[in-house]
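In: What follows is a protein structure lacking sequence information:
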């Protein structure tokens, strides 16, 4: 099934539309987080990890699965469904997609009422030893989540920062299938 703009979503689950945003949201959102990580991979290798459906659940705590719902090559307007442990689905629309430099998306809907708006921005810069990832998250909580958010916000920052630790560890793994494919090619 599709939302009013023709983007896919799972019709068997509840539907909560989100307001999509643009790049200014990362400076204006009422809740914002920023993390920076030095990674031992090239920007091209990092984007290969980002484009691989199976990689996300190996380093992004809580993600159970990723399904690209647009054909390759990806670009602005690409959509993706992410399923979290516990079954919540979020539906993403990329408004920036410029490998190996940058990508950004916002949710256009979710299967649980948690956010009015939610977006992520990934900026990748080459370094002498790999690349630097700057990851920004912004959102507006709603419903029960907005009510309990003051209690949860203090742990959100460290939780999101842990994603960068897990990603760095994943980039260093000798058995990383994405990096192994690059070494074989």
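Out: Received, thanks. Values in this document were obtained by computation on a predicted structure and should not be read as measured data.
In: Low-confidence stretches in this protein?
Out: 182-185 (pLDDT under 70).
In: can you pull the buried residues of stretch 42-57?
Out: For stretch 42-57, burial by neighbour count (16 or more other Cβ atoms under 10 Å) applies to 42-43, 45-52, 55-57. Where C-beta positions appear, they are placed from N, C-alpha and C, glycine not excepted.
In: Ok, stretch 7-27 next?
Out: Buried residues in stretch 7-27 (16+ other Cβ under 10 Å): 7-9, 16, 18, 20-21, 25-26.
In: what about the most centrally placed residue in the chain, helix or strand, and which?
Out: In the chain, the residue lying closest to the centroid (Cα atoms, centre = their mean) is residue 120, at 5.8 Å. Per DSSP states H and E, residue 120 falls inside strand 115-127.
In: So what touches that strand?
Out: The contact list for strand 115-127, computed with Cβ atoms under 8 Å, 6 or more residues apart in numbering, reads 18-21, 23, 25-26, 29, 38, 42-43, 46-47, 50, 90, 96, 100-107, 110, 131-142, 145.
In: Would you list the strands that the helix or strand that it is followed by pairs with, along with their directions?
Out: Next helix or strand after strand 115-127 toward the C-terminus (DSSP H and E): strand 130-141. If you go by DSSP bridges, strand 130-141 pairs up with strand 31-39 (antiparallel), strand 115-127 (antiparallel).
In: List the contacts of strand 130-141.
Out: 21, 25-26, 28-43, 46, 114-125, 149, 160, 163-164, 167, 171.
In: Please enumerate the helices of this structure.
Out: For the chain, applying DSSP state H gives helices covering 25-28, 43-51, 53-59, 143-172, 177-184.
In: which of the ones you listed is buried the deepest?
Out: Among those, helix 43-51 has the highest mean neighbour count (mean count of other Cβ atoms under 10 Å), at a mean of 19.
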